[in-house]
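**Q** Could you work out the structure for the sequence below:
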Amino acid sequence: DVLVHGETGTGKERVARGLHESGRRRQGNFVAINCAALPETVFESEMFGVEPGAFTGATRSRAGKIEHANGGTLFLDEIEGMPLALQAKLLRVLQERVVERLGSNRLVPVDCRIVAATKVDLAEESKAGRFRADLYYRLNVVPLNLPPLRERREDIPLLFNAFCLQAAERYRRPQPPVLPAVVDWLMSCDWPGNVRELQHAAERYVLGVWRPESGGAPSGETLPQRVAAFELRLIESALEQTLGDVASAAEALGVPRKTLYDKLAKLGVDAARFRGAMAQTGLPDGR
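**A** Numbering: from 1, shown residues only. Below you'll find the model as predicted:
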């Protein structure tokens, strides 16, 4: 088991995916869960699974994230957000490699690598009583610390070029040259959002909605540029939620289908690439 520490945007999930894809569990599922994003009322059933009658509305058996990760990797992002009451159950999974669904006494064997990530000091959190010390020590078997981008500026040009290449392939656009003046500007920034912020800047650079020489950082974009970037993220989010179903995405966005098709063509977004998203997670529909 691995504990990854780093500021927001330093690439903790990328590291987790890299560990998964380079290890013997790469044929299994990579299942990610944000511990700070799930309401406490549904956390236990989502994480550990549920049996009929466990609570009002529980009418069928459902495996949790841990079982879905069996044979693969479970990535627990923002582990500090896990409710204290459930940390003991996770500790049992780590120690005994079994999971007990909500509403059941049956123990289900599981074999998955667990990679946890945090942006806080879990040692201090455990001293303050906000995180179980025994769980911290169990997770901290292999600690990995990801320094912020401002502390490894030499990586910025290589990362930016790689992100530009990915964006060019993703949006089917030609890759613009990254001139020395652009590199100099990139190296002068602190990048508080770290790798994630740099990636977003590369995407906007490829799409032509931002140029460093045009007036500063991405946060200094003109209003039309900001609108275009926001529109792109909104459309992609809708397509992710609807698994590439343009009609459903248009309905969710509240625009006519033709309007969305026009936007997709203008932005160079291929809806088809979102249709395999569910298969890649290894989770069933309706999870």
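
**Q** all contacts plus neighbour counts: C-alpha atoms, from now on.
**A** Fine.

**Q** All the helices of the stretch 51-200 of the chain, in order from the start?
**A** 65-68, 84-96, 122-127, 133-139, 156-171, 180-188, 194-207 (DSSP state H, counting those that start in this stretch).

**Q** who touches the helix or strand encompassing L260?
**A** Taking DSSP states H and E as the criterion, L260 maps to helix 257-267. When contacts are defined by C-alpha atoms under 8 Å, 6 or more residues apart in numbering, helix 257-267 is touched by residues 171, 207, 232, 246-247, 250-251, 270-271.

**Q** ok, back up a step: which stretch among the helices of the stretch 51-200 of the chain is buried most, on average?
**A** Counting by mean count of other C-alpha atoms under 10 Å, helix 65-68 has the highest mean neighbour count of the helices of the stretch 51-200 of the chain, with a mean of 24.

**Q** Among the contacts of helix 257-267, which pair sits farthest apart?
**A** Between any two of these, the greatest separation by C-alpha to C-alpha is 25.5 Å, found for L207 and E251.

**Q** need the helices of the stretch 51-200 of the chain in TSV with distance to L3, can you?
**A** TSV is the format used below for the helices of the stretch 51-200 of the chain (distance: least, C-alpha to C-alpha, whole Å):
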stretch	distance to L3
helix 65-68	17
helix 84-96	13
helix 122-127	10
helix 133-139	6
helix 156-171	24
helix 180-188	29
helix 194-207	19
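
**Q** got a markdown table for those, with mean pLDDT and distance to F43 too?
**A** Listed next are the helices of the stretch 51-200 of the chain as a markdown table, based on pLDDT from 0 to 100; distance: least, C-alpha to C-alpha, whole Å:
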| stretch | mean pLDDT | distance to F43 |
| --- | --- | --- |
| helix 65-68 | 96 | 10 |
| helix 84-96 | 93 | 9 |
| helix 122-127 | 96 | 20 |
| helix 133-139 | 96 | 18 |
| helix 156-171 | 91 | 34 |
| helix 180-188 | 89 | 40 |
| helix 194-207 | 88 | 27 |
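
**Q** So which of those is nearest D1?
**A** That would be helix 133-139 among the helices of the stretch 51-200 of the chain, by C-alpha to C-alpha, at 6.1 Å.

**Q** From the chain's centroid, how far away is stretch 266-275?
**A** Relative to the centre of its chain, stretch 266-275 is centred 20 Å away, using C-alpha atoms, centre = their mean, to the nearest Å.

**Q** List the buried residues in it.
**A** 267-271, 274 (16 or more other C-alpha atoms under 10 Å).

**Q** Helix or strand for H20, just tell me which one.
**A** Assessed by DSSP H and E, H20 sits inside helix 12-22.

**Q** Repeat that for E236.
**A** Taking DSSP H and E as the criterion, E236 maps to helix 223-241.

**Q** So which bits of the next helix or strand after the helix holding H20 are buried?
**A** Sequence order places strand 30-34 as the next helix or strand after helix 12-22, per DSSP H and E. Residues 30-33 are the ones in strand 30-34 that count as buried (16+ other C-alpha under 10 Å).
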